[in-house]
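Enquirer: for reference, the sequence and a predicted model appear below.
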Amino acid sequence: MKVTWNNLTPPTGLTPSARPRQRKYEFFNLTGTPQGAWSVTNNHKVARKTRYMDQIFKALADPTRRLILDELAERRSQTLYELCTRLIMKHHVDMSRQAIVKHLTILEAAGLVRAERRGRLKFLHFNDAPLRKITERWIQRVMQ
């Protein structure tokens, strides 16, 4: 007998349409909670602002991401290739391009890096507005 996909039965005895759907991946935001999950507080504005600040501090917690921000601050607009080359040559970072892209996505989610496509090239820009908000919120209050 020739075996085809039509006459195979799953090992559980369920037909493919009767099997329960399983979520393969659960997406998490930068704070580690599932997306759509609410913060402990009921005030939505406070929860949104806290989540935004959590993303910024999470992005700044890693020394590699701080190094990427230093390079982007030194030269405002760079391509991904230029950034990878500068990190390898100047700072001796032993990291693949894909690993640097993962760090850049976290920085983009925090709003610290802005990416712009021009043709085939992706230009990266340093955005210091979130850092200014942090200084306005905490540092300037202490200085007054």
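Expert: That came through fine. Numbers count the residues shown, from 1 in each chain.
Enquirer: near residue 128, how many other residues are there?
Expert: Residues near residue 128, counting by other C-beta atoms under 10 Å, number 12. C-beta coordinates here come from the backbone N, C-alpha and C atoms, glycine included.
Enquirer: what about residue 141, how many neighbours?
Expert: Neighbour tally, residue 141, other C-beta under 10 Å: 9.
Enquirer: compute the distance between it and residue 134, please.
Expert: Distance of residue 141 to residue 134, computed by C-beta to C-beta, to the nearest Å: 11 Å.
Enquirer: swap in residue 78?
Expert: Separation of residue 78 from residue 134 (C-beta to C-beta): 24 Å.
Enquirer: can you check residue 67 too?
Expert: 19 Å.
Enquirer: repeat for residue 104
Expert: With distances taken as C-beta to C-beta, residue 104 is found 20 Å from residue 134.
Enquirer: so which of these two has more stuff around it?
Expert: With neighbours defined as other C-beta under 10 Å, residue 104 and residue 134 compare such that residue 104 has more, 20 against 14.
Enquirer: list the contacts for that one?
Expert: Taking C-beta atoms under 8 Å, 6 or more residues apart in numbering, we find residue 104 in contact with 68, 80, 113, 115, 124.
Enquirer: again with residue 105
Expert: Counting by C-beta under 8 Å, 6+ apart, residue 105 touches no other residue.
Enquirer: pull out the buried positions in the helix or strand where it lies.
Expert: Assessed by DSSP states H and E, residue 105 sits inside helix 97-109. By neighbour count with 16 or more other C-beta atoms under 10 Å, helix 97-109 contains the buried residues 100, 103-104, 106-107.
Enquirer: would you list those residues in JSON lines and tack on distance to residue 60 and pLDDT?
Expert: Shown next, in JSON lines, are those (distance: C-beta to C-beta, whole Å; pLDDT from 0 to 100):
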{"residue": "100", "distance to residue 60": "17", "pLDDT": "94"}
{"residue": "103", "distance to residue 60": "12", "pLDDT": "95"}
{"residue": "104", "distance to residue 60": "14", "pLDDT": "95"}
{"residue": "106", "distance to residue 60": "10", "pLDDT": "94"}
{"residue": "107", "distance to residue 60": "9", "pLDDT": "95"}
